[in-house]
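Q: Structure, please.
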Amino acid sequence: MDSYTETRTAIDDMQRQFQAFKSAHEDELTQLRTKGAVDAVTTDKLNRLNSLIDGLQDKITRQGIAAKRSGKSMESAAYDPMADEHGKAFNAFLRKGVDGELLALERKAMTVGSDPEGGYMVPADLSGRIATRLRDFTPLRQLASVIEISSDALEMLSDRNEAEASWVSETASRAETATPALGKVRIPVHEIAAQPKVSQKLLDDAAINVEEYLGQKVADRMARREADAFINGDGVSRPRGLLSYTTSTADDDTRSWGQLQYVASGLAGGFASTNPADKLLDLVYKLKAAHLPKASWLMPRSVSAAIRKLKGGDGNYIWQVSLQGGQPPTLLGFPVFFAEDMPALAANSLSLAFGDFGEGYTIVDRTGIRMLRDPYTDKPNVKFYTTKRVGGDVVNFDAIKLMKFSAS
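A: As a prediction, this is how the structure comes out:
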């Protein structure tokens, strides 16, 4: 079965399972109205269907990523003899630790990647593959603005309010209007490291693609650390996460800069029993209209399981499953992305975010990834100590809204 057929089959299967989920939920509602309780069979069925839908959604997402990767071509990239030569030398360094030629090449290219302890810059193609995998598996990398820098921090100005204007007649005097307040945002980069290891025997086997193996291992381990930091990081030796800031119910015009606005769900640890979907609409309406075209949802699966049961005022479910490979499901017409590093659904948890994350959050990558070969500390294995520098922070507090699962 080809990849297109597999994806189409998974989408059709998810549609069937979602219809079964809606039918089971209707049974649940009927039992609550007539009996005041739900039997264990229906509850178990709903839980199983929720898990099936999550699994199918993951499968469709993975197939979409794989299809996107297979469609990429190196033909569009300009041929660089130096890069090709550097790649061959780097591969020899990975397998045997032969670094004399690699050191000469890096000096010739005037890079600063080599160091006295044997660390070298990862070739551009491998660095690109790592960056691609990080983007595929770290939700905020798909949504936020990502900037590459060559210094230790990104400094930028942000508008804290808007310039004022007023209507005047032809001969009337012109009163001075308010000017926008500018604030300075500084996002430092922090070092993140991964250390996969390979047996020397495996490295000696010419059949293994060492670069591909290491690229996958490094990206997967860094992705887990980054995903948590971009959500929960405190800014100390790692990026500052969007949930590390204080929150307020005040609107954009009155809220202090540096605070994120939240909307209460109406119930501690869940949604209000009456018109629960209205709270999600309230959250959408809190976002300024300019941010809505690029807005999306960010949530863990524990929240999606609760939202799938919600209906709008017309009686239709507000959650819609994906009908195309590589495309996320939608909620109230906006795409949904899953971030398991957000807190699970609980009393007073900030488990749901909505907004234009490209405008609201910025990720900063320090150019280059370095790798140090260590064949000594874990014989007969060879460790590859790999480091990169990355930072992240909220830059526009009006562009991201949160839902707090509380009564108020």
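
Q: Give the full set of residues in contact with residue 271.
A: By Cβ atoms under 8 Å, 6 or more residues apart in numbering, residue 271 lies in contact with 265, 277, 279, 306, 310, 405. Glycine gets a C-beta too; all of them are placed from N, C-alpha and C.

Q: If you could redo that for residue 212, that was the one I meant.
A: Residues in contact with residue 212 (Cβ under 8 Å, 6+ apart) are residue 129.

Q: would you say it is within a helix?
A: Yes. Counting by DSSP: H, G, I helix; E, B strand; the rest coil, residue 212 is part of a helix.

Q: thinking again about what came up before, can I get the contacts of residue 271 in TSV with pLDDT, secondary structure and neighbour count?
A: Listed next are the contacts of residue 271 as TSV, based on pLDDT from 0 to 100; DSSP: H, G, I helix; E, B strand; the rest coil; neighbours: other Cβ atoms under 10 Å:
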residue	pLDDT	secondary structure	neighbour count
265	95	coil	28
277	93	helix	20
279	94	helix	19
306	92	helix	20
310	93	coil	19
405	96	coil	25
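
Q: Pick the one among those residues closest to residue 26.
A: Among the contacts of residue 271, residue 310 lies closest to residue 26 (Cβ to Cβ), at 13.3 Å.

Q: Can you report how many residues lie near residue 270?
A: 16 (other Cβ atoms under 10 Å).

Q: Kindly state the beta-bridge partners for residue 266.
A: Beta-bridge pairing of residue 266 under DSSP bridges involves residue 271.

Q: Check the gap between it and residue 318 for me.
A: 16 Å (Cβ to Cβ, to the nearest Å).

Q: Check residue 31 too.
A: Applying Cβ to Cβ to residue 31 and residue 318 gives a distance of 22 Å.

Q: Same drill for those two, tell me which one is more crowded.
A: More crowded of residue 31 and residue 318, by other Cβ under 10 Å: residue 318, with 20 against 15.

Q: phi, psi of the more buried one?
A: Residue 318 adopts backbone torsions of phi -90, psi -10, taken as degrees, to the nearest 10.

Q: got it, and residue 319?
A: The phi/psi pair for residue 319 (degrees, to the nearest 10) reads phi -90, psi 130.

Q: contacting residues around the nearest residue to residue 234 once chain neighbours are set aside?
A: Nearest residue to residue 234 in three dimensions, chain neighbours excluded: residue 244, at 5.5 Å (Cβ to Cβ, 6 or more residues apart in numbering). Residues near residue 244 by Cβ under 8 Å, 6+ apart: 232-235.

Q: secondary structure class for the residue of the chain positioned farthest from its centre?
A: When distances to the mean C-alpha position of the chain are computed (Cα atoms, centre = their mean), the maximum falls on residue 171, with 54.7 Å. Using three-state DSSP, the structure places residue 171 in coil.

Q: So for it, what pLDDT did the model give?
A: On pLDDT, residue 171 comes in at 77.

Q: same deal with residue 246?
A: pLDDT recorded at residue 246 is 96.

Q: What backbone torsions are found at the residue nearest to residue 234?
A: Main-chain torsions, residue 244, degrees, to the nearest 10: phi -90, psi -10.

Q: Give me the buried subset of the contacts of residue 244.
A: Buried by 16 or more other Cβ atoms under 10 Å: 232-233, 235, out of the contacts of residue 244.

Q: What's the mean pLDDT across stretch 29-48?
A: 86.

Q: actually stretch 249-263, not the one I wrote
A: Here stretch 249-263 scores 94 as its mean pLDDT.

Q: cool, and stretch 146-162?
A: On average, stretch 146-162 scores 80.

Q: Kindly report the same for stretch 346-363.
A: On average, the pLDDT along stretch 346-363 is 96.
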